[in-house]
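Visitor: output the structure for:
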Amino acid sequence: EVQLVESGGGLVQPGGSLRLSCAASGFTFGSYDMSWVRQAPGKGPEWVSAIRGGTTYYADYVKGRFTISRDNAKNTLYLQMNSLTPEDTAVYYCATGASPSLWGYDYWGQGTQVTVSS
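Guide: Numbering: from 1, shown residues only. Predicted coordinates:
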């Protein structure tokens, strides 16, 4: 059974940092491109970042603040988020895929809530 389990979300003040993790199982993690996608209240899902092989990609609204990485030995995907703003408040999902259009994403996690507020 394929599973993607996110963790690390929570409440943080503006300017703060969080590190999200996504533990993968049930498939050959290292063979898949991976992404982080977020969905803010009342909005549709939006792509945040992807990692394809050793190359990373970022949406403009997180570039320079967020860093995606993976540890294939641990079957884990990460998202280091710095300089957080209230606009980053959303449920964050990890998923298999790398397209900013979110096309072709086969597997999704259940999400972890990130709230940025003072």
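
Visitor: list the contacts of residue 112.
Guide: By C-beta atoms under 8 Å, 6 or more residues apart in numbering, the contact list for residue 112 reads 6-9, 20, 91-92. For every residue, glycine as well, the C-beta is placed using N, CA and C.

Visitor: contacts only, for the most centrally placed residue in the chain.
Guide: Per C-alpha atoms, centre = their mean, the C-alpha nearest to the average position across the chain is that of residue 36, at 2.6 Å. Residues in contact with residue 36 (C-beta under 8 Å, 6+ apart) are 20, 22, 47-50, 66, 68, 77, 79, 92-95.

Visitor: from those residues, which is closest to residue 102?
Guide: Using C-beta to C-beta, residue 47 is the member of the contacts of residue 36 that lies nearest residue 102, at 6.0 Å.

Visitor: residues contacting whichever strand or helix holds the closest one, please?
Guide: Using DSSP states H and E, residue 47 maps to strand 45-52. Contacts with strand 45-52, where a contact means C-beta under 8 Å, 6+ apart, come from 33-40, 56-59, 62, 66, 68-70, 77, 79, 92-93, 97-102.

Visitor: any chance of a PyMOL selection covering the buried ones in those?
Guide: Per 16 or more other C-beta atoms under 10 Å, the buried members of the contacts of strand 45-52 correspond to this PyMOL selection:
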select buried, resi 33+34+35+36+37+38+57+58+59+62+66+68+70+77+79+92+93+97+98+100+102
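
Visitor: so which of the contacts of strand 45-52 sit within strands?
Guide: Judged by DSSP state E, the subset of the contacts of strand 45-52 located in strands is 34-39, 56-58, 66, 68-70, 77, 79, 92-93.

Visitor: now residue 29. Its backbone dihedrals?
Guide: Residue 29 has phi and psi values of phi -50, psi -50 when expressed as degrees, to the nearest 10.

Visitor: report how many residues lie close to the nearest residue to it once chain neighbours are set aside.
Guide: If the residues on either side of it in the chain are set aside, residue 29 comes closest to residue 75, at 4.3 Å by C-beta to C-beta, 6 or more residues apart in numbering. Using other C-beta atoms under 10 Å, residue 75 is surrounded by 17 other residues.

Visitor: buried residues in stretch 39-59, which are they?
Guide: 45, 47-51, 57-59.
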